[in-house]
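A.B. asks: Can you look at this prediction? I've put the sequence above it.
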Amino acid sequence: MTKRITSLILALLMLVTALSACSKPENGQADTDVSQTQPAKITDDTSFKLSYTQSDSLDPFKSEAQNNQVLASLVFESLFDLDEAYELIPNIATDYEYTDSGAIRVQLDTNAKFSNGEKITADDVVYSVRAALDSPAYGTGLTGISDAYADNDSVIIELSYANPYAVKLLTFPIASMQDDKNGFPIGSGRYRYESIDSKTVLKANTENGFSPYITTISLVNIVATDSIDNAINIGNISYAYRDLSSDISKRISSSKKAVNINNLVFAGVNCKYGITSDAHIRRAISLAADRSVLAQTAYSGYASPAASPFNPYFKELQDISIFEAQGNAVSAKQEISQSEYANESLSLTILVYKGNEAKTALATLLKSQLESAGFSVYIDAEYYSDYMSKIRNYDYDIYIGEVKLTDDMCLYPLLDSSGSAGWGIDFENCQCVEKYASYMTGDTELGKFILSFNEELPYIPLLYRKGMICYTKAMNGDMQGYYGNFFSNIESWNFSTE
């Protein structure tokens, strides 16, 4: 009886409340219908964890550990960003112009500020350019830049050589010349370094409208790369970037996403001695190579077949196609028949670094493909010191090489006598080397270089390797991170169970 009376009283109260809600406000009072009020955003300052190396610097220009360098994309912004097609996105810079073939004028956003509220000046940018040039993380990728100097609200970037895509190099961090009171470097990114209870964390910079679910990011000290792989698998950290320089993709059990990187895997060719000194033989090797199989099998799909010397995702150059993804043994045999070795034994040695599983798998697959075209192939697998010694001494026909090209898609590491990956090329007699230099200065059309390259094939592009971002399965959100902007839409990531 008591329960029935109580229920009746509750029903009457609900009816009165409903009638009150439906009545019009009097005396000009605002309608305060609770159903129209937006719920507060639920933030999270405990769940998201990233690895870092405590013994390494958090200064982007001093750090050597990859995980610390990945953090930099949260703390610092750059003059420009590049999207996944290597297209330019203004950031701290608003515009640019080539003043001549040797310099770029970059106009700065006069409203841009660091996380401490101070204006980003041209002097800060010049400091950052010079620090990046000398840094272990960015220096090797900035050989196309020689110096910078301030000019009011703009900065003049001096180039080391003429380069139509040099502006795409301006993606390194811009940092304040001064550290904060705790000794942390200062950027203008979405997060900043802070010390809480003697622990280093990342705190969201919400002053400029950035409104993430993840307001605090905990940093977990992990030094060894294998430990990072294990930590992401078991959930000790929430997210990591892996460059896949060693084939660990199959060992990662968390959620994964491939990201485009500018690492070219190629067949270096002995252009001076032996049967590979004949351009017909080099073209036969290229035609016999089934690049799609090499990418899918040797690299577990974390690679894309090379259609030209250039990265297939580099938008301005992606329409160039001189290589088929599939191998063609018949066309390869036709090239062999036109060579001076048509009636001789076609024996080839493939030199490969023994310490890399993907490259040794690639060499084995390539061996089978070349044998289908009529070659007799021997694989010479060596550890690094012997591998490099044989390359220097031309003790190979083909070697499996890899080079990380810069964001401006410059081929000088391969097509310049001082380049880091130009082994085996006959620079005195290779016409496409000269044509490439003329293309860079604007004196020769790109098509003429491509025709010359396809005719001579001083090296054989095989594929462009990919990296990987991996993240805990407990995290929600459409992961849109990519190389250089690993946390591109972090504001939408969360751990909500709803």
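C.D. replies: Cool, got the structure.
A.B. asks: How about residue 243, nearest residue that isn't a chain neighbour?
C.D. replies: residue 467 (4.8 Å; C-beta to C-beta, 6 or more residues apart in numbering). The C-beta positions use only the backbone N, C-alpha and C, and glycine is treated the same way.
A.B. asks: isn't the one you found right up against residue 244?
C.D. replies: Yes: shown here, residue 467 and residue 244 form a contact pair, counting by C-beta atoms under 8 Å, at 5.5 Å.
A.B. asks: Show me the common contact partners of the two, please.
C.D. replies: Residues within reach of residue 467 and of residue 244 at once, by C-beta atoms under 8 Å, 6 or more residues apart in numbering, are residue 302.
A.B. asks: Make sure I have this right: residue 268 is in a strand.
C.D. replies: Yes: under DSSP: H, G, I helix; E, B strand; the rest coil, residue 268 falls within a strand.
A.B. asks: That one reaches residue 391, doesn't it?
C.D. replies: Yes: if you go by C-beta under 8 Å, residue 268 and residue 391 touch, sitting 7.2 Å apart.
A.B. asks: how about the CA coordinates for the helix or strand containing the residue nearest to residue 243, as CSV?
C.D. replies: Taking DSSP states H and E as the definition, residue 467 sits inside strand 459-471. Presented in CSV, the C-alpha positions along strand 459-471 are these (Å, rounded to 0.1, in the frame of the first residue of the first chain):
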residue,chain,number,x,y,z
TYR,A,459,69.8,2.4,-61.1
ILE,A,460,66.5,0.6,-61.0
PRO,A,461,63.7,1.9,-58.7
LEU,A,462,61.8,-1.0,-57.3
LEU,A,463,59.4,0.3,-54.6
TYR,A,464,58.8,3.0,-52.1
ARG,A,465,58.6,1.6,-48.6
LYS,A,466,56.0,2.6,-46.0
GLY,A,467,56.0,3.2,-42.3
MET,A,468,53.3,2.4,-39.8
ILE,A,469,51.4,4.0,-37.0
CYS,A,470,50.0,1.6,-34.4
TYR,A,471,47.6,2.4,-31.5
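A.B. asks: quick one: strands adjacent to it?
C.D. replies: Within its sheet, strand 459-471 is paired with strand 239-242 (antiparallel), strand 255-269 (antiparallel), strand 303-305 (antiparallel), according to DSSP bridges.
A.B. asks: okay, the ones you listed in JSON lines with distance to residue 206, mean neighbour count and mean pLDDT next?
C.D. replies: Shown next, in JSON lines, are the strands paired with strand 459-471 (distance: least, C-beta to C-beta, whole Å; neighbours: other C-beta atoms under 10 Å; pLDDT from 0 to 100):
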{"stretch": "strand 239-242", "distance to residue 206": "20", "mean neighbour count": "23", "mean pLDDT": "94"}
{"stretch": "strand 255-269", "distance to residue 206": "27", "mean neighbour count": "20", "mean pLDDT": "95"}
{"stretch": "strand 303-305", "distance to residue 206": "38", "mean neighbour count": "22", "mean pLDDT": "97"}
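A.B. asks: Please identify which of those strands is closest to residue 66.
C.D. replies: strand 239-242 (7.4 Å; C-beta to C-beta).
A.B. asks: got the CA coordinates for stretch 278-285 in CSV?
C.D. replies: The C-alpha coordinates for stretch 278-285 follow below in CSV (Å, rounded to 0.1, in the frame of the first residue of the first chain):
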residue,chain,number,x,y,z
ASP,A,278,75.0,-2.9,-71.0
ALA,A,279,71.8,-0.7,-70.9
HIS,A,280,69.8,-3.5,-72.5
ILE,A,281,70.6,-5.8,-69.7
ARG,A,282,69.7,-3.2,-67.1
ARG,A,283,66.3,-2.6,-68.9
ALA,A,284,65.8,-6.4,-69.0
ILE,A,285,66.3,-6.6,-65.2
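A.B. asks: Quick check: buried residues in that stretch?
C.D. replies: Using 16 or more other C-beta atoms under 10 Å as the test for burial, stretch 278-285 gives 278-285.
A.B. asks: Just read off the phi/psi values of residue 153.
C.D. replies: When read as degrees, to the nearest 10, the backbone of residue 153 gives phi -90, psi 20.
A.B. asks: Surely residue 334 is in a helix?
C.D. replies: Yes: judged by three-state DSSP, residue 334 forms part of a helix.
A.B. asks: okay, now it: neighbour count?
C.D. replies: 15 (other C-beta atoms under 10 Å).
A.B. asks: Tell me how far it lies from residue 284.
C.D. replies: In this structure, residue 334 and residue 284 are 8 Å apart, going by C-beta to C-beta, to the nearest Å.
A.B. asks: picking up where we left off before, okay, the strands paired with strand 459-471 in CSV with distance to residue 346 next?
C.D. replies: Below are the strands paired with strand 459-471 laid out as CSV (distance: least, C-beta to C-beta, whole Å):
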stretch, distance to residue 346
strand 239-242, 39
strand 255-269, 15
strand 303-305, 24
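A.B. asks: Which among those strands is found nearest to residue 421?
C.D. replies: strand 255-269 (7.5 Å).
A.B. asks: Do a quick rundown of the helices in the stretch 51-200 of the chain.
C.D. replies: For the stretch 51-200 of the chain, applying DSSP state H, counting those that start in this stretch gives helices covering 66-75, 122-133.
A.B. asks: mean confidence score for the shortest one?
C.D. replies: Think helix 66-75. The average pLDDT for helix 66-75 rounds to 95.
A.B. asks: by how many degrees do it and strand 459-471 diverge?
C.D. replies: 70 degrees (axes from the mean of the first three to the mean of the last three C-alpha atoms, to 10 degrees).
A.B. asks: residues making contact with helix 66-75?
C.D. replies: With C-beta under 8 Å, 6+ apart as the contact definition, helix 66-75 has outside contacts at 50-53, 56-58, 60, 63, 137, 173, 185, 187, 189-193, 202, 217, 219, 222, 225, 228, 240-241, 243, 484-487, 490.
A.B. asks: hmm, 6 Å instead?
C.D. replies: For helix 66-75, contacts defined as C-beta atoms under 6 Å, 6 or more residues apart in numbering pick out 51-53, 56, 60, 63, 137, 173, 187, 189-191, 241, 485-487.
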